[in-house]
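Visitor: coordinates for the following, if possible.
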Amino acid sequence: MRINNLILITCRTINQGVALEGGKNTIENVRAAGICAFDKEDFKKLDCPVGTPVKVITEHGEVVVYSTISEEGPHPGIIFIPMGPWANQVVNPDSQSCGTPTYKGMKASVEPLPNGKVLNAVNLIKLLKVA
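Guide: Below you'll find the predicted structure:
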């Protein structure tokens, strides 16, 4: 089931920092930053097991990440992807002349992809189209 009208936020996490010590192309990095955390009640609406790949869609792009339930909350209607290559696919690239994209407050939709593939950072970046 697709969930619409969610708000996406991003920031750095401790788990992400620890995982990066092993390198950007590791499964630990994917599991730390290639995720989307949901409020417990919102996650129930997806009707899938934790860890199922989901497609996160914003007006700026889409990305496939692993689903998880947030340990924080409650925060209905808010989803979270750690900053990094996965979040960069869906955040607003307009830096408003400050050099940093908009990392908070994007409208998003999410749908489960039980057979979806979450790419590692290197393979995800290789998919980018250069204008």
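Visitor: what about this protein, any weak spots by pLDDT?
Guide: By pLDDT under 70, the low-scoring segments of the chain are 95-96, 98-101, 129-131.
Visitor: let me see the contact set for the most centrally placed residue in it.
Guide: The residue lying closest to the centre of the chain (CA atoms, centre = their mean) is Ile81, at 3.5 Å. The neighbours of Ile81, taking CB atoms under 8 Å, 6 or more residues apart in numbering as the test, are Leu8, Thr10, Ala33, Ile35, Cys36, Ala37, Val56, Val63, Val65, Ala87, Val90. From N, CA and C alone the C-beta is placed, and that goes for glycine too.
Visitor: now swap in Ile69 and tell me
Guide: Ala37, Phe38, Asp39, Lys40, Phe43, Val50 are the contacts of Ile69 under CB under 8 Å, 6+ apart.
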